[in-house]
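>>> Provided below for reference: sequence and predicted model.
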There are 4 protein chains.
Amino acid sequence: MNTNSETKTRILNAATDLFSHYGYPKTSLDDIARAAQIAKATIYYYFPSKEDIFLEALGNKAEELFVMLERELDEAEGIEDKLSCYLRLPLRYIFEYMPILADALNQIPQPYLLRLEEYRPQYRQRMTALFLGIIDYGREQGLLAGEVDGPRLSELINDWFMLGDICFDRSDKDRIIRRIERDYELIIHILLFGIIKRKT
Amino acid sequence: MNTNSETKTRILNAATDLFSHYGYPKTSLDDIARAAQIAKATIYYYFPSKEDIFLEALGNKAEELFVMLERELDEAEGIEDKLSCYLRLPLRYIFEYMPILADALNQIPQPYLLRLEEYRPQYRQRMTALFLGIIDYGREQGLLAGEVDGPRLSELINDWFMLGDICFDRSDKDRIIRRIERDYELIIHILLFGIIKRKT
Amino acid sequence: MNTNSETKTRILNAATDLFSHYGYPKTSLDDIARAAQIAKATIYYYFPSKEDIFLEALGNKAEELFVMLERELDEAEGIEDKLSCYLRLPLRYIFEYMPILADALNQIPQPYLLRLEEYRPQYRQRMTALFLGIIDYGREQGLLAGEVDGPRLSELINDWFMLGDICFDRSDKDRIIRRIERDYELIIHILLFGIIKRKT
Amino acid sequence: MNTNSETKTRILNAATDLFSHYGYPKTSLDDIARAAQIAKATIYYYFPSKEDIFLEALGNKAEELFVMLERELDEAEGIEDKLSCYLRLPLRYIFEYMPILADALNQIPQPYLLRLEEYRPQYRQRMTALFLGIIDYGREQGLLAGEVDGPRLSELINDWFMLGDICFDRSDKDRIIRRIERDYELIIHILLFGIIKRKT
DNA sequence: GATGAATGAGTCTTCATTCAT
DNA sequence: CATGAATGAAGACTCATTCAT
C-alpha cells in the first residue's frame, strides 16, 4: 500500500533539500510546503511535527550512506583504497547532508534527541565493524603493526574525521574535551609515525 | 566614543555566554538583555543588530585564543609537545566556543558573512605561520623528512582537525568536497606513514 | 435510510462522551473519529456538521431525562417526594450532561441555535406540565395555599434551579436581566415564607 | 507610575467586552487587538498569554462587584431589601460577566485554574460574611427562626443561586452531585416553608 | 457505506527592530 | 545614555470540511 505515498516522498525530498541548503531553523514549513507544491496542512497529515520530518530525513540519508559504503568497500582493493573509501564516502555525505545536524540539534527539544540516541550507537557499530574489517585486511596482508588498537583507532576516526558526536551534546562539553585530551596523544603519534608497520 | 563602555562589555559577555550555551538562534535579544540586566533597547545603542553582537563576540574569542596559543607554543619543548599544543588549544576553544558558529552561520545573512571573510584569511595565516614554525623546528632538529609540504599540511590540519571552513559556506559545498577529494590522499598517507623521516 | 445505523450510534455515543468530558470546542472531529473507531470522513456521511452532532446528542439526552423523570414522578408519594424528584433528577442530568451546553452555545452559529429554539419551548412545556401536576396534587391534599401561582413558580424553578435559559442567548442578556429583576421578589418571598399554606 | 498604562486598560476592556460577548474560545487575540486598536504583538508586552488576560479581566470584575455590593447592602433597609440586594447584584454580574467563565474554564489549562483556586475561597468567604451579616440582622429583628443554619444556607445560596462552583471542576462532577443530593432536602424545605420564624 | 488524502483559514506566540522621550 | 512602549512579519500547529474513489 501507500505507506510511503508519493506525497510523503515529495515532502521528505523537499524538506531534505531545504534543510541541507538553508539549515533546520531557517527552513519553515511554509517553505517546505511551497517546494513540495502542497498545502502546509498536508504536511501534518504525514508528519506530526517539524522535528519528525527532520529525523526521518536524517534516517533515510544515513541508510543510503551505509548501503553505498558497504558496496564500495567490497569492491575496493588494497588497504589504501579501502581506507580512502572509508573516509571519503562518509565525509562526502557529512558535508553534503549533515550540516543540517549542527543547526538542528540545538533547536530540537530533548525528547526527539533521545530518539536519535537510539540510532546513534547502531550507526557507530556499523562504522566500527567496517573499519575493523579494513584493519584485519591490513593485518592479513602483513601491512599493519600488530600493536594497532583497531577499536580505539576506529573511534578516533569516527570522532575526529567524521565529526562523530561532536555537536550532539552541547551540554556535555566537558566530556568531549576530556575525550580530546585523551585522544590527542594518539593523534600526534599517528601524525608523526602513521600506522604502518615499521621495518626495524 | 564608547566602544568599550562597561555596559557594552556586559552585553558582550552575556551574549557570548548565551550564544555558546543555547546557540545563536535560540538566544533572543530579550534573553541577552535580561542576562546583562539592561533594557533591550539599550543593546541597540551599542550594536546595530544581533548579527553584529555575534561577530564581535566571535572576534574576541579568537583573539583570546591566539594570545594564549602563541604563549604556550613558545614555552613547549620538543616537536611532539609543540604539535600537541597546536592541536589541543584551538580544539579546546573550538569545542567550547565555536559551536555557536555552526548554528549562527546559516542564520546570518550574506552581507555579514562577507565581513567574516575579511577576518578569516588573517586567522588562517596566523595559524599557518605558527604551524610552519613548528615544522621548521622539526627540520632543524633533523626529525622531519625534507619532502614534508608544510603549507599544505598546515592547511590540511586546519581544515580537518579544526573544522576549518567546514560550515562557513554551505552554498559552496562543491568546493569543499573537491578539496576533500584532493586531500584525502595526503590524509591516507599520513594515517599510514606519518610525517617523521623514515630511517632507510 | 440509515438514521439509526450502528455506526451513527457509535459516533453519537463517542461524541456525547467527549463533549461532556472535555467540552464542545475542545472536542475535535479527530477525537470523535478516534473514539468511535471510524474514519473522520465517515462522520460526514451521517452528520452535516459538528454542530449537528452536538444538537442530536443533546436531544437524545433530553429525551432520556424525560422518560426517566415521568416514571419516577409517578412512583413518588407525597408532595415532598415529588418535588424532590422534580428537582433532583433534572439537576443530576444538568450537572452530568449539560455543561456541554455552556461551552457549545457560544461556539455554535445562530442558524443552529434557532433550531434549538424549536425544541426548547417543548421541553419547557413538558417540565411545566409535570410541575403543575405536582402543584395540583398539593392542592388536592390541601397542602398548598390557593394563591400559589403554579405556572409562574414553575417558570421560576426552571429558570433558577435548572439554569433554565441562562446561557442560551448571550446576546439577549438584557432580557434575562429584566427577568431576574422581575423574579427576585418572588424568590425572596419563597426564601422567606415558602409555598406551604400558612395556618392562620 | 504606569503599572496600569492606558494601553493595558484598553486591552483589558476590549478583552472583557469580547469575552463576555463571544466567549473565551471564540475571542481571538486578533479580535482583541483590533478592538483595542493596537498591534497584536503589543498584547504580549502586557500579558504573557491569553489565559492571563482572561484571569485578570475576571479578577477586576469580581472586585468591582464586591465594592458595589458592600456599599448597597449597607444602604438597604429591612431584611427583604438586604436579601434582595444580596441576590440581585451578584446575579446581575453573573449574567453579565461570568458566562465567560463557563466557556473559558474548560479551555484553560490546569496551571491557570490552580491560580483561580487561590481566589475562589476568598470570594466565597466574603460572600458568606455578607450573608451572615444579613442573617444576624434578621435575628436581631426577631424575624428569623433560631434554627436557621446561616453558614449552610449561605453556601447553598452561593452554590445554587449564584452558580457557585458549578462549572469549575468538570472532572469533579461526582463531588458536585453528592452535594446536590445532600442539599436538596434543605432546598425542598425552604421551598415549602421559607426561613421566616413561624408564629406558633 | 466508508475512507484516505488534502486543504484554507485561522490560532497563539515569538522576536528583532524602531522610536519618542 | 538608556529605556518603555509598540509593532510587522513570521513561526509552528489545529481543525472543520471536501472529494475522489
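Structure received. Numbers count the residues shown, from 1 in each chain, chains lettered A, B, ... in the order given.

>>> mind saving the C-alpha coords of the one helix or strand A:Leu83 maps to as PDB?
Here A:Leu83, judged by DSSP states H and E, is contained in helix A:79-97. Provided in PDB are the C-alpha atoms of helix A:79-97 (Å, rounded to 0.1, in the frame of the first residue of the first chain):
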ATOM      1  CA  ILE A  79      44.300  -1.200   2.100                       C
ATOM      2  CA  GLU A  80      44.800   2.300   0.800                       C
ATOM      3  CA  ASP A  81      41.800   2.100  -1.400                       C
ATOM      4  CA  LYS A  82      39.700   0.700   1.400                       C
ATOM      5  CA  LEU A  83      40.800   3.300   3.900                       C
ATOM      6  CA  SER A  84      40.200   6.000   1.400                       C
ATOM      7  CA  CYS A  85      36.800   4.700   0.700                       C
ATOM      8  CA  TYR A  86      36.000   4.600   4.300                       C
ATOM      9  CA  LEU A  87      37.000   8.200   4.800                       C
ATOM     10  CA  ARG A  88      35.800   9.700   1.600                       C
ATOM     11  CA  LEU A  89      32.300   8.500   1.300                       C
ATOM     12  CA  PRO A  90      31.000   9.300   4.700                       C
ATOM     13  CA  LEU A  91      32.800  12.600   4.500                       C
ATOM     14  CA  ARG A  92      31.100  13.400   1.300                       C
ATOM     15  CA  TYR A  93      27.800  12.600   3.000                       C
ATOM     16  CA  ILE A  94      28.600  14.500   6.100                       C
ATOM     17  CA  PHE A  95      29.500  17.600   4.100                       C
ATOM     18  CA  GLU A  96      26.500  17.300   1.900                       C
ATOM     19  CA  TYR A  97      23.800  16.300   4.300                       C
END
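
>>> any idea which helix is longest in chain A?
The longest helix of chain A (DSSP state H) is helix A:110-140.

>>> That one near DNA strand F at all?
No - against DNA strand F, helix A:110-140 shows no contacts by CB under 7 Å from any atom of the strand, the least distance being 10.0 Å. To be clear about C-beta, it is placed using only N, CA and C from the backbone, and glycine gets the same treatment.

>>> Could you point out the helix or strand that follows that helix?
Of the helices and strands lying after helix A:110-140 in sequence (DSSP H and E), the nearest is helix A:150-160.

>>> Could you tell me the angle between that next one and helix B:150-160?
80 degrees (axes from the mean of the first three to the mean of the last three CA atoms, to 10 degrees).

>>> Now do helix A:150-160: which elements does it pack against?
helix A:110-140, helix A:173-193 (3 or more CB pairs under 8 Å, 6 or more residues apart in numbering or on different chains; DSSP states H and E).

>>> pLDDT of the longest helix of chain A, averaged?
The pLDDT scores in helix A:110-140 average 83.

>>> Compute the inter-axis angle for it and helix A:150-160.
Computed by the same axes, to 10 degrees, the angle separating helix A:110-140 from helix A:150-160 equals 130 degrees.

>>> Any buried residues in helix A:110-140, and which?
Of all the residues in helix A:110-140, those buried under the rule 16 or more other CB atoms under 10 Å in any protein chain shown are A:112-113, A:116, A:123-124, A:127-128, A:130-131, A:133-135, A:137-139.

>>> A:Phe193 and DNA strand F: what is the separation?
Counting by CB to the nearest atom of the strand, to the nearest Å, the separation of A:Phe193 from DNA strand F is 49 Å.

>>> Could you do A:Met127 as well?
Distance, A:Met127 to DNA strand F, by CB to the nearest atom of the strand: 31 Å.

>>> again with A:Glu6
To DNA strand F, A:Glu6 is 14 Å away according to CB to the nearest atom of the strand.

>>> Over to A:Ser49?
4 Å.

>>> burial of that residue, as a residue count?
Residue neighbour count, defined by other CB atoms under 10 Å in any protein chain shown, stands at 14 for A:Ser49.

>>> Equivalent analysis for the one 3 residues further on, please.
When neighbours are counted by other CB under 10 Å, A:Asp52 registers 14.
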